[in-house]
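Participant: coords please:
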Amino acid sequence: MSFHFSVLSSGSTGNAIYVGTDKMKLLVDAGHSGKQMEQLFNQVKVNPKELSGILVTHEHSDHIKGVGILSRKYNIPIYANSKTWKAMEHLIGEIPSDQRFTFEIGQVLSFMDIEVESFGVSHDAAEPMFYVFHHEGKKLVTITDTGYVSDRMKGIIRNADVYVFESNHDVEMLRMGRYPWNIKRRILSDVGHVSNEDAALALADVIGDRTKSVYLAHLSQDNNMKDLAKMSVQQTLESKDIEVGNRFKLFDTDPKNATAITAV
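Facilitator: Numbers count the residues shown, from 1 in each chain. Below is the predicted model of the structure:
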């Protein structure tokens, strides 16, 4: 299985995505303690010693909690843009200079046989960005933690083989839920999180002929449910004449259980 991935964890409590080939193993974010991250790697039989880099999306704790711990324990380089480095330095602990790398928005970096393209998103962090992974003509997109999906983002992520795509909340569950209004307003804002319906509308614009899998990610444990997210996204896509099941498959993700290692 040359180009493969696992959503190790996704949700409000922590996020991490593993992407690898026969030659290269990368991690996007490490939003749990070192011990929890090792348990997640164990679920998919990946040895964190073999990681060649941790790519950071932004400095929120559910994305960086274990970044410094893993880097120090296994001597793994960390990649983040300048503003994210500045925002997270005091949160991840001391990192040796030879393990600190800058990866700015809009850059493409080569990691052996994987090309990684970074792109900016709209979230209340210093300079949040996500990644598109390219290998031998295959394309894997990761995009969560954005308040909306702009035309610019859609242009970058269009027609991928696999999407790991934010479907954070059901708007009515959020409005009626227990969160204080200032938190609700933040989530619903342009620098918050994408709802189930908005995720589906964005997906309708980017899904292409080669798309075979969509993983709904960063589901809120308070304001969403797996079945609701899948049903809402499927109904909206099918209202746009995009058939789920035959054309591509829809999957959910979990904060505690990794998805199976899967070929892109």
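
Participant: Can you name every helix or strand that the helix or strand where residue 216 lies contacts?
Facilitator: If you go by DSSP states H and E, residue 216 is part of strand 213-217. For strand 213-217, the packing partners by 3 or more Cβ pairs under 8 Å, 6 or more residues apart in numbering; DSSP states H and E come out as strand 162-166, helix 226-239, strand 249-252. From N, CA and C alone the C-beta is placed, and that goes for glycine too.

Participant: can you list the residues that contact the longest one?
Facilitator: What it means is helix 226-239. Outside helix 226-239, the residues within contact range by Cβ atoms under 8 Å, 6 or more residues apart in numbering are 167, 170, 173, 196-197, 199-201, 203-204, 207, 214, 216, 219, 243-244, 250, 252.

Participant: and what of the last one?
Facilitator: Outside strand 249-252, the residues that touch it by Cβ under 8 Å, 6+ apart are 212-216, 219, 226, 229-230, 233-234, 244, 259.

Participant: just the first one next, same as before
Facilitator: With Cβ under 8 Å, 6+ apart as the contact definition, strand 162-166 has outside contacts at 5, 7, 10, 17, 139-146, 157, 193-194, 199, 202-203, 206-207, 211-218, 253, 262, 264.

Participant: Can you tell me the closest non-neighbouring residue to the residue nearest the centre of the chain?
Facilitator: Nearest residue to the geometric centre of the chain (Cα atoms, centre = their mean): residue 142, 4.5 Å. Computed as Cβ to Cβ, 6 or more residues apart in numbering, the closest residue to residue 142 that is not its neighbour in sequence is residue 164, at 4.6 Å.

Participant: Can you get me a residue count around the one you found?
Facilitator: 28 (other Cβ atoms under 10 Å).

Participant: starting at the chain centroid, how far to the strand holding residue 216?
Facilitator: Distance of strand 213-217 from the chain centroid (Cα atoms, centre = their mean, to the nearest Å) equals 10 Å.

Participant: sorry, back to before: report the secondary structure state of the residue nearest to the centre of the chain.
Facilitator: strand (DSSP: H, G, I helix; E, B strand; the rest coil).

Participant: Specify the beta-bridge partners of it.
Facilitator: Note on residue 142: beta-bridge partners residue 131, residue 164, judged by DSSP bridges.

Participant: any idea of the pLDDT on residue 256?
Facilitator: With respect to pLDDT, residue 256 has a value of 97.

Participant: now residue 247
Facilitator: The model's pLDDT for residue 247 equals 87.

Participant: Likewise for the one 4 residues further on?
Facilitator: Model confidence at residue 251, given as pLDDT, is 98.

Participant: what's around it, how many residues?
Facilitator: 17.
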